[in-house]
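*Asks:* Build the 3D model from these lines:
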Amino acid sequence: MIRVAMLSYWHVHAWDYTKQVQAHPGTEVAAVWDEQPARGREAAEKLGVPFVEDLDALLADSSIQGVVVDTPTSMHHEVMIKAARAGKHIFTEKVIAPTQREVREILAAIDEAGVKLTVSLPRLNDPYTLAAQELVQEGLLGELTLVRVRLSHNGALAGWLPEHFFSLAECGGGALIDLGCHPMYLTRLFLGLPEAVSAQFGYVSGKEVEDNAVATLKYANGAVGIVEAGFVNSHSPFTMELHGTEGTILYGTPESKLLLRSNRRESDGWEAIELPQPRISAFDQWVEHVNNGTTADENIQLATDLTSLMEAANLSAAQGRNIRLDELN
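*Replies:* Now for the predicted structure:
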C-alpha cells in the first residue's frame, strides 16, 4: 500500500486526484498539507487524516511514500524538489513548472533521489487521441501539415473558477497555461517540437491573466500547429483537427465522434472511426511505475516539452514576436 500525502487543495482538480487515490486498491490518503492551513485542515477533517502544517515535517515522515502536488504552479519548483530530496514519489498536476530552468532543476532532483514522477496529462490516454495516433501511424493522412486543438469554457464569466486561478503570480498565466496545456501537449504529440512559437492573448473579462488565447507553432517542414484556449466561451466543444497531404481527422465538430477522410481509403466520404478503450489514467500509471521501478519516460518528455512551449508562448505574447525554442535558457 502506497501511503500518499495530498500537498495542497489549491487546484480545482485536487479533489479529483483525492478520489483517484481513494479508489485505487494500492494507495491511500495518509495526510494533508496546504499552504493555506485553514483549507488544509478542512480537507483533512473531511478525509479523516492528519493535517500537517509544516511541509518539512510531513516529508520527514518515513511512513509516507508518495505525494500528489496540487499547489499553486509557482510553488511546484520548491515543493517537488523538497519532496524528491525526502525520497517521495511524485504525482503532479500540469505544468511541472512555468520555466524550462525550473523543470531541469526539478528533474535533476528526482533523478538524484531515484523517485518516480508522473504528470497529469489526461488527454494522452483518451480514446480519440489513441485512435488518431493509430490512423496517423498507418499513413492515412500522409504528411501532417496542420494540427489544431481547441479547449475552452466560461469559467471567467460564470464565476465558477476560483479567484486565485486569475493570479499571474500563482499560476504563471491564464487560459493558455491552464486549459491550453491540453491542446498544447496534443499538438506536440502529433507534430513534435516546433522551431518557434507565436501567441496572442486576449483579456475579455478584465482579469490579470489572459482569458482568451491562441498560440501557433512553426515547423521547419512548413507544418503549423494551432493551440486555442479560453475562459470566456459558453458553448465551445473540445475540438481536434489533423490535416495532412492525404487526409483529415476531425473530432468534436461538435459531436464526440472521430471522423476520417483519406485518399488512401476506398470510402469517398467521411468515415466514423470506432474508438478504442482508454488507456489507464496517469495516476494509475504512476502507481505502476512506483511498484515496478519503471519510469514514465514519454510522459515526462511531453511534460518537459509542454513547459518549453508554454514559456515560449508567454514570452511571445509579452514581447509581440516569434520565440524560437532555442532562445530559452
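*Asks:* Please make it C-alpha for all contacts and neighbour counts, starting now.
*Replies:* Will do.
*Asks:* What pairs with the longest strand seen in the chain, parallel or antiparallel?
*Replies:* Ranked by residue count and defined by DSSP state E, the top strand of the chain is strand 144-152. According to DSSP bridges, strand 144-152 has the following sheet partners: strand 224-230 (parallel), strand 239-244 (antiparallel).
*Asks:* Just say which of these is most tucked in.
*Replies:* Across the strands paired with strand 144-152, averaging neighbours per residue (mean count of other CA atoms under 10 Å) puts strand 224-230 on top, at a mean of 25.
*Asks:* what kind of secondary structure is Ser308 in?
*Replies:* Assigned with DSSP: H, G, I helix; E, B strand; the rest coil, Ser308 falls in the helix class.
*Asks:* Next, count neighbours for it.
*Replies:* By other CA atoms under 10 Å, 23 other residues sit near Ser308.
*Asks:* Find me the pLDDT at it, would you?
*Replies:* The predicted local confidence for Ser308 comes out at a pLDDT of 98.
*Asks:* list the contacts for it?
*Replies:* Neighbouring residues of Ser308 by CA atoms under 8 Å, 6 or more residues apart in numbering: 99-100, 325, 328.
*Asks:* Kindly report the same for Leu193.
*Replies:* Contacts for Leu193 (CA under 8 Å, 6+ apart) come out as 219, 305.
*Asks:* Next SSE downstream of the longest strand of the chain?
*Replies:* Of the helices and strands lying after strand 144-152 in sequence (DSSP states H and E), the nearest is helix 155-158.
*Asks:* and for that following helix, what are the contacting residues?
*Replies:* With CA under 8 Å, 6+ apart as the test, helix 155-158 has contacts from 161, 205, 211, 231-232.
*Asks:* These, buried ones only, as a PyMOL selection?
*Replies:* Selection command for PyMOL covering only the buried members of the contacts of helix 155-158, criterion 16 or more other CA atoms under 10 Å:
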select buried, resi 211+231+232
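*Asks:* could you redo the contacts of helix 155-158 as a markdown table and give each row pLDDT, secondary structure and distance to Pro122?
*Replies:* Supplementary listing: those in a markdown table, determined by pLDDT from 0 to 100; DSSP: H, G, I helix; E, B strand; the rest coil; distance: CA to CA, whole Å:
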| residue | pLDDT | secondary structure | distance to Pro122 |
| --- | --- | --- | --- |
| Leu161 | 94 | coil | 20 |
| Ser205 | 96 | coil | 28 |
| Asp211 | 97 | coil | 22 |
| Phe231 | 97 | coil | 19 |
| Val232 | 97 | coil | 23 |
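*Asks:* Ramachandran coordinates for Ala14?
*Replies:* Note on Ala14: its backbone torsions stand at phi -60, psi -40 [degrees, to the nearest 10].
*Asks:* Please name the residues that touch the closest residue in space to it that isn't next to it in sequence.
*Replies:* Taking CA to CA, 6 or more residues apart in numbering, and ignoring the residues beside it in sequence, Ala14 has Asp70 as its nearest neighbour in space, at 5.9 Å. When contacts are counted by CA under 8 Å, 6+ apart, Asp70 touches 6-11, 13-14, 92-93.
*Asks:* Out of the residues you listed, list just those in strands.
*Replies:* Here DSSP E is the test, and those give 6-7, 92-93 as lying in strands.
*Asks:* Show me which of those is closest to Val290.
*Replies:* Thr92 (14.0 Å; CA to CA).
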